[in-house]
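Trainee: predicted structure and sequence below. I'll ask about it afterward.
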Amino acid sequence: MAELQFREALRAAMVEEMERDETIFLMGEEVAEYNGAYKVSEGMLDQFGPKRVIDTPISESGFGGLGVGAALGGLRPIIEFMTFNFSFVGIDQIINNAAKIRYMSGGQFKIPIVFRGPNGAAGQLGATHNTSTEALYAYFPGLKVIAPSNPDDAKGLLKSAIRDDNPVIFLESEVMYSLTGEVSDEADYTLPIGKARIAREGDDVTIVAHSKSYWVALKAADELASEGISAEVIDPRTIRPFDFDTVVDSVKKTNRLVIIDESNPFASVSSEVAFQIQARAFDYLDAPIQRVTAKDVPAPYAKNLIEYYMPRAEEAVDACKRVLYAK
Amino acid sequence: MAELQFREALRAAMVEEMERDETIFLMGEEVAEYNGAYKVSEGMLDQFGPKRVIDTPISESGFGGLGVGAALGGLRPIIEFMTFNFSFVGIDQIINNAAKIRYMSGGQFKIPIVFRGPNGAAGQLGATHNTSTEALYAYFPGLKVIAPSNPDDAKGLLKSAIRDDNPVIFLESEVMYSLTGEVSDEADYTLPIGKARIAREGDDVTIVAHSKSYWVALKAADELASEGISAEVIDPRTIRPFDFDTVVDSVKKTNRLVIIDESNPFASVSSEVAFQIQARAFDYLDAPIQRVTAKDVPAPYAKNLIEYYMPRAEEAVDACKRVLYAK
Amino acid sequence: MASETKNRNKGKRSAARVNVAGEENVATRAAGNGSPIALPDVVEVKATFKTYQAENYDHKKLGLTDEQLVDMYRNMLLQRRFEERAAQMYGKQKIAGFLHLYIGEEAISTGTAWAMKIGLDSVITGYRDHGIALAMGVSPNAGMAELFGKIDGTSRGKGGSMHFFSAEKRMYGGHGIVGGHIAVGVGLAFAHKYKEDGGVCMTFFGDGAVNQGSFHEAANLASLYELPAILIIENNQYAMGTSVDRAAAEPDLFKQALGYNIPASVVNGMDMLACYAAMKDHIALARDNQPSLIEMRTYRYRGHSMSDPQKYRTKEEMEAKKHDDPIIRLKAYLVNNKISGNEELDRIDDEVKQEVMEAVDFAEKSPVPPLETIYEDVYVENDYPFLTD
Amino acid sequence: MASETKNRNKGKRSAARVNVAGEENVATRAAGNGSPIALPDVVEVKATFKTYQAENYDHKKLGLTDEQLVDMYRNMLLQRRFEERAAQMYGKQKIAGFLHLYIGEEAISTGTAWAMKIGLDSVITGYRDHGIALAMGVSPNAGMAELFGKIDGTSRGKGGSMHFFSAEKRMYGGHGIVGGHIAVGVGLAFAHKYKEDGGVCMTFFGDGAVNQGSFHEAANLASLYELPAILIIENNQYAMGTSVDRAAAEPDLFKQALGYNIPASVVNGMDMLACYAAMKDHIALARDNQPSLIEMRTYRYRGHSMSDPQKYRTKEEMEAKKHDDPIIRLKAYLVNNKISGNEELDRIDDEVKQEVMEAVDFAEKSPVPPLETIYEDVYVENDYPFLTD
Ligand SMILES: Cc1ncc(C[n+]2csc(CCOP(=O)(O)OP(=O)(O)O)c2C)c(N)n1
Ligand SMILES: Cc1ncc(C[n+]2csc(CCOP(=O)(O)OP(=O)(O)O)c2C)c(N)n1
Ligand SMILES: [Mg+2]
Ligand SMILES: [Mg+2]
């Protein structure tokens, strides 16, 4: 096991896969000469050269579509969005082309492409630079959506995403790039797409949280533990397909569910998890499913407001106590 | 009361409002000289002239953004998307500009704009032309989202949308444009945004369904009635803000909820309704909330497949029987 | 590295550039990143564009044999008869949804199919896709079955009229979002260059699509990366009911090339030999990694789709255009040059009509897709856990 | 009606058109919707573009008084000192997020502010927005308070550096999505024309934004509808770490005008008088509903944002550019022409520094936004039922 930053784990995944497979290339704004806006691709231009590590103009629709065409043409593109906030100007390429061409062609083509980059809130950047996109992309059949919370999952899942023959949306986070963690250095380390991870076992309440929210969940679980409440924390890791079975099994044990999702609330991933669990484990639920999300407003700039906007551990603790009728 | 087609009701709403207020204009592809791809704006160019009824190039991002700027500049644009499938190339203008500029400016500006056009499936058009967008737009605070099911609501709500000082997404349907119904000819007929309509009273099960799905719900309710099951049908009419209170009151009576939503299932409006109702009426629910949605796949072309893809009354009847444990 | 990347981006452009307004670049941008000081008193831009006119080409000089020319005539006729029959079947409700006919534009598809290397080169187009698919050799049976929504269709009944695809022919669709496929075509060209397989990609789109930002981004990328890409505007004068001059501030669409530093030509799209000549020349440029733009001036004889009152054009205009019919023009060429005679050409027409009738029978007999196929072709794997609640 | 619409679209264009490659339109498009037959042997396009060079203008001839010129100097200095101080406060973590400095580009903002009618005309720009806001009269206090995220900020602390707005000055932001605001600016111009209030809209964006499709669509709409719109490219040579020639296949960005049939100029953006002269001329065109494009050649002295190693440019290049400093240039002009002296100019600098220090105090003292304000300014009404579960 090596101790790696999140960004280093992502880079290792890309580098290892690009060494294995000549058809993989990385394309995006500032990924080559600048070594990546957030240094994820640092050194990759030097190693692979300008044929495979390619800077683009600010044309998300253009290079997003170029990636889809390159995938149709037999390559395996990794398209980096500097952040997924900027994917909205190119979203048509993802939802109408990447997600649907295979279906519309009756399965004649596969589209092995990964769209990756930071997703969600990243502090005092204002409303246009803090959008959580997981629910929007997971809505579309034809796509897979992955949102890891730690370096090890990031590496194992990105390698799987790059090898996957379907279009994959891979969601990272600026504020997690410097997060360090143990990463398997197993020769060919991949993790299965669509399998949740029980990060912490517990009996009293189940907390489901992905990406950054996972860390909020752990903090809440610690606080609850100090009060004698044992929380089970599940990191779904993949949003589409979502591993509902693991959550159902946990709820059958705890009979209570709290979801932490830093997205805005309406029709978010938390909504879908709630629907599925009440549908699949209704008789096991001793309390309504509760959730903690970002506030139902655009993201503000001011420090105190953006902190208040984001899901906080106290809120998660309160939610857990509510479902435990401990408050 | 006059008997009007859905398209005539929409036209009447626009015409009446444009007669009241000089700052309102209609802009979109083929809205003027062609009289509207679906004839919604028929005759409006003749009545209001080219200054106020304006054809555009195929540039959804361009004229969507132009509309936002015109609204900031003191006008009240009605922007027609030929269908909302095409709004994806302009979606950044809606979610990053229309929805957020007021917030990012600290409330210095209002953006009174309506984006309207057909939404959702419209038959054998294939995957790119059958997307339901309500969940995607309702996700974003700053927007309002309306999806009426009949000519009377269409007129009353479109007039309210045009008068609203916030950006409004107004979702119609190609396949409902020719649907006729009684429409109030009350001088100044408006309906409140955010109020659901109890379309049919019942005691055994609550069915929530908007837009086209509302008619599926009515059909199911008839079939259930013939079997002695009394369903209450609620048409939310507005998706954001959603009138959850009306649904909660109904569920307190019926103790059972089925949602029909022709969207793809993951993180759809049905998911949010399920979360909210289980959270607000948990103790009243005698069965898990069930839903009927489009299949979790892109929309196919073949007649038999697209019919199978869409929510059908039989499926709704089955779902109601499931929540009634009558099956 | 920096320079290397630069080279990739700028490489042989200057060498390959022809007919483009590139000369002043140096004048207005000093070495490196343009010291803003270095401005001449006035900047002049000059550019010339090649045109390919009607009644101007000799098939032999273009390297086409008499036999090939007759085959090309048959091919144009096949597209015409296929669509006439499809329109009839639409009337009988055998076909539903949108049906966009290519009738009048067949010179472009056939000229292209004979100028390219089918199986190596790639083609992608919009929803008006029957013509190019048939020109490239997609079988009328599979095409008609797709229109009927049957399992033996090109897309197993999942795509319909707007979504013809053929992996075998490298026909990449068939796309419904105006402008949405242009960058995909540039990506196909990118793959050809990356794999060094010698292929090029031809991307077709309408005059209306030029006004989409996606065209602008794709053209810039094709030029910046020097891709074997040919962007072909099928200017049939209208986008639905909107004439070019009501949608494009610069209605000379080929001038878009000036913004991307690529060569462009204007072609009479109603003359098959002109189309063939132009495609030959531009494919040659593309094989040398010189991207380019073509404006094909053509005309749509039918309505935009099946429900189009066509109030936006006069009977006179439509009558006048009939004289440009590319099939009649080629027929005249064949007869006048004694390459063929009315008798043979009528026989060909009968054979083509027969072929299309058989396609209708085939489509009729083909089964509808089994319901379980609705979950196929979404993902590559067959065990994807679809949501069913 | 048809013709009426046509008129609105085509109206006075031909009359107003200057310096544009419009001449050949007729040659390649016959009457009506271009019979494709009417093609000349070869199409030639000619266009000339006006340039506005450095050290080339006399303020009196431009109609500026000595007093005005000194005020403009003060204004440029205010922007410079405000941002130098903001950078310092960022280091002290009083400011967070992105902070994009305009330092080096002040000639454009000040030239614009004096050429326009503030309060009537509209301005919209990207996230590099401090300069133009201060130039238009937004108070340094409100600006600094916004950077500090305080309630007395221009956006009540909700917007931050990238989102300065002023309804009073008609400064419409401050936008973070590259290219996303260009069409919004065209819409502001649309509103001016619709209301016939005589105003025009100036839309500023970077060299990198030109590669976004949104630029292409907005430029076409501005020209097609003949709007009082000026599209101004602030070409500071780089988009983050990408030089213009690595992103734009045609690095002479002003040539984009050829695709939209509008006049364009190239301006030395490091010379305030050149910027003022250009803005004056283009604003005059816009008042006559003639949309146009300007390429301002300028230079960004600082990094893209606060964390930028700037490996993409050499120390030498940056040193060389220092000689172009628009503030130093204007200072020299003031002194050489005896309009002012070093003494007065130093006093002005002290006053400006003082003003900025007071802005910092003001920002420090201003309260943070009360938490309940998070739900304000989302919707116009105050009783919107936000989701709280
Ligand atoms: C993004 C988008 N906007 C609108 C439409 C609706 N639409 C379909 S075809 C068409 C006209 C396209 O005209 P053109 O590009 O000239 O192609 P043609 O039909 O003439 O071959 C429009 C507006 C669409 N399919 N996609
Ligand atoms: C659509 C979009 N893509 C990417 C970004 C990230 N980004 C912010 S500024 C910038 C560079 C813009 O350069 P330019 O347009 O030249 O303006 P400048 O910063 O030089 O003033 C990029 C890529 C963004 N904000 N929006
Ligand atoms: Mg056309
Ligand atoms: Mg720049």
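Mentor: In hand now; what should we look at? Numbering: from 1, shown residues only, chains lettered A, B, ... in the order given. Ligands and ions are numbered 1, 2, ... in the order given.
Trainee: quick one: the helices in the chain?
Mentor: Just going to use chain A. Assigned by DSSP state H, the helices in chain A fall at A:6-20, A:44-48, A:60-72, A:91-92, A:101-104, A:134-138, A:151-163, A:212-226, A:244-254, A:269-281, A:303-309, A:313-323.
Trainee: I was after chain C.
Mentor: Counting by DSSP H, the helices of chain C are C:2-10, C:13-16, C:24-28, C:66-91, C:106-115, C:130-135, C:140-147, C:182-195, C:213-224, C:244-247, C:272-287, C:315-322, C:326-336, C:342-365.
Trainee: show me the one of those helices that comes nearest residue D:82.
Mentor: Residue D:82 sits nearest to helix C:24-28 of all those, at 32.4 Å, using Cβ to Cβ. Every residue, glycine included, has its C-beta placed from N, CA and C.
Trainee: returning to what we had before: got a markdown table for the helices of chain A, with mean neighbour count, mean pLDDT and distance to residue C:84 too?
Mentor: Converted to a markdown table, the helices of chain A look like this (neighbours: other Cβ atoms under 10 Å in any protein chain shown; pLDDT from 0 to 100; distance: least, Cβ to Cβ, whole Å):
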| stretch | mean neighbour count | mean pLDDT | distance to residue C:84 |
| --- | --- | --- | --- |
| helix A:6-20 | 21 | 98 | 51 |
| helix A:44-48 | 18 | 98 | 53 |
| helix A:60-72 | 32 | 99 | 32 |
| helix A:91-92 | 26 | 98 | 34 |
| helix A:101-104 | 29 | 98 | 25 |
| helix A:134-138 | 26 | 98 | 43 |
| helix A:151-163 | 25 | 98 | 48 |
| helix A:212-226 | 21 | 98 | 59 |
| helix A:244-254 | 19 | 98 | 52 |
| helix A:269-281 | 26 | 98 | 48 |
| helix A:303-309 | 19 | 98 | 61 |
| helix A:313-323 | 21 | 98 | 65 |
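Trainee: for residue C:133, find the nearest of those helices.
Mentor: helix A:101-104 (13.7 Å).
Trainee: does the closest one reach chain C?
Mentor: Yes - contact of helix A:101-104 with chain C (Cβ under 8 Å from any Cβ of the partner chain) involves A:101, A:102, A:103, A:104.
Trainee: which one of the helices of chain A lies nearest to residue D:162?
Mentor: That would be helix A:303-309 among the helices of chain A, by Cβ to Cβ, at 13.9 Å.
Trainee: so is that closest one next to chain D?
Mentor: Yes - Helix A:303-309 lies within reach of chain D by Cβ under 8 Å from any Cβ, at A:303, A:304, A:305, A:308, A:309.
Trainee: my read: the fourth one touches residue A:294, true?
Mentor: No - proximity of residue A:308 to residue A:294 does not meet the contact threshold set by Cβ atoms under 8 Å, at 10.0 Å.
Trainee: contact partners for residue A:136?
Mentor: A:91, B:136, B:139, B:267 (Cβ atoms under 8 Å, 6 or more residues apart in numbering or on different chains).
Trainee: quick check, nearest of those to residue A:12?
Mentor: Using Cβ to Cβ, residue A:91 comes nearest to residue A:12 of the contacts of residue A:136, at 28.9 Å.
Trainee: confirm for me that that closest one is in contact with residue B:94.
Mentor: No - counting by Cβ under 8 Å, residue A:91 stays clear of residue B:94, with 11.4 Å between them.
Trainee: residue C:387 against residue B:265, yeah?
Mentor: Yes - between residue C:387 and residue B:265 a contact is recorded at 4.6 Å, counting by Cβ under 8 Å.
Trainee: more neighbours: these two, which one.
Mentor: Neighbour comparison, residue C:387 and residue B:265: the larger count goes to residue B:265, with 24 against 20 (by other Cβ atoms under 10 Å in any protein chain shown).
Trainee: quick revisit: could you dump the residues of helix A:303-309 next to chain D to JSON lines with distance to ligand 2?
Mentor: Shown next, in JSON lines, are the residues of helix A:303-309 next to chain D (distance: Cβ to the nearest ligand atom, whole Å):
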{"residue": "A:303", "distance to ligand 2": "21"}
{"residue": "A:304", "distance to ligand 2": "25"}
{"residue": "A:305", "distance to ligand 2": "21"}
{"residue": "A:308", "distance to ligand 2": "25"}
{"residue": "A:309", "distance to ligand 2": "20"}
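Trainee: ok and the residue in the stretch 201-350 of chain C nearest ligand 1?
Mentor: Closest approach between the stretch 201-350 of chain C and ligand 1, counting by Cβ to the nearest ligand atom: residue C:206, at 2.2 Å.
Trainee: identify the residue nearest that residue in space, chain neighbours excluded?
Mentor: residue C:234 (5.5 Å; Cβ to Cβ, 6 or more residues apart in numbering or on different chains).
Trainee: measure the one you found to residue C:128 for me?
Mentor: Noted for residue C:234: a distance of 8 Å to residue C:128, by Cβ to Cβ, to the nearest Å.
Trainee: any common contacting residues for the two?
Mentor: Shared contacts of residue C:234 and residue C:128, defined by Cβ under 8 Å, 6+ apart, are found at C:105, C:206.
Trainee: which neighbours do residue C:387 and residue B:265 have in common?
Mentor: With Cβ under 8 Å, 6+ apart, residue C:387 and residue B:265 have common neighbours residue B:296.
Trainee: gap between the two ends of stretch C:287-307?
Mentor: Its first and final residues considered, stretch C:287-307 spans 41 Å by Cα to Cα, to the nearest Å.
Trainee: go on, stretch C:147-166?
Mentor: End-to-end for stretch C:147-166, by Cα to Cα: 15 Å.
Trainee: which residues sit in contact with the closest residue in space to residue A:181 that isn't next to it in sequence?
Mentor: Spatial nearest neighbour of residue A:181, excluding adjacent residues (Cβ to Cβ, 6+ apart): residue A:151 at 4.1 Å. Residue A:151 is in contact with A:4, A:5, A:6, A:8, A:9, A:179, A:180, A:181, A:182, A:183, counting by Cβ under 8 Å, 6+ apart.
Trainee: circling back to that earlier point, state the distance from the residue of the stretch 201-350 of chain C closest to ligand 1 to residue B:58.
Mentor: 9 Å.
Trainee: for chain C, give me its nearest residue in chain A.
Mentor: residue A:69 (2.1 Å; Cβ to the nearest Cβ).
Trainee: which residues does residue 75 contact?
Mentor: Let's take chain A. A:23, A:24, A:25, C:190, C:191, C:194, C:195.
Trainee: ah, I was thinking of chain C
Mentor: C:110, C:113, C:134, C:135.
Trainee: around ligand 2, pick out the residues from chain A.
Mentor: Neighbours of ligand 2 within chain A, by Cβ under 6 Å from any ligand atom: A:29, A:58, A:60, A:82, A:86, A:89.
Trainee: out of everything not next to it in sequence, what's closest to the third one?
Mentor: Right, residue A:60. residue A:90 (3.4 Å).
Trainee: isn't that neighbour right up against residue A:68?
Mentor: No - using Cβ under 8 Å, residue A:90 is not in contact with residue A:68; the gap is 10.1 Å.
Trainee: so how many other residues sit close to the closest residue to residue A:309 other than its chain neighbours?
Mentor: Nearest residue to residue A:309 in three dimensions, chain neighbours excluded: residue A:295, at 4.9 Å (Cβ to Cβ, 6+ apart). Residues near residue A:295, counting by other Cβ under 10 Å, number 22.
Trainee: per-residue pLDDT, residue C:37?
Mentor: Per-residue pLDDT puts residue C:37 at 52.
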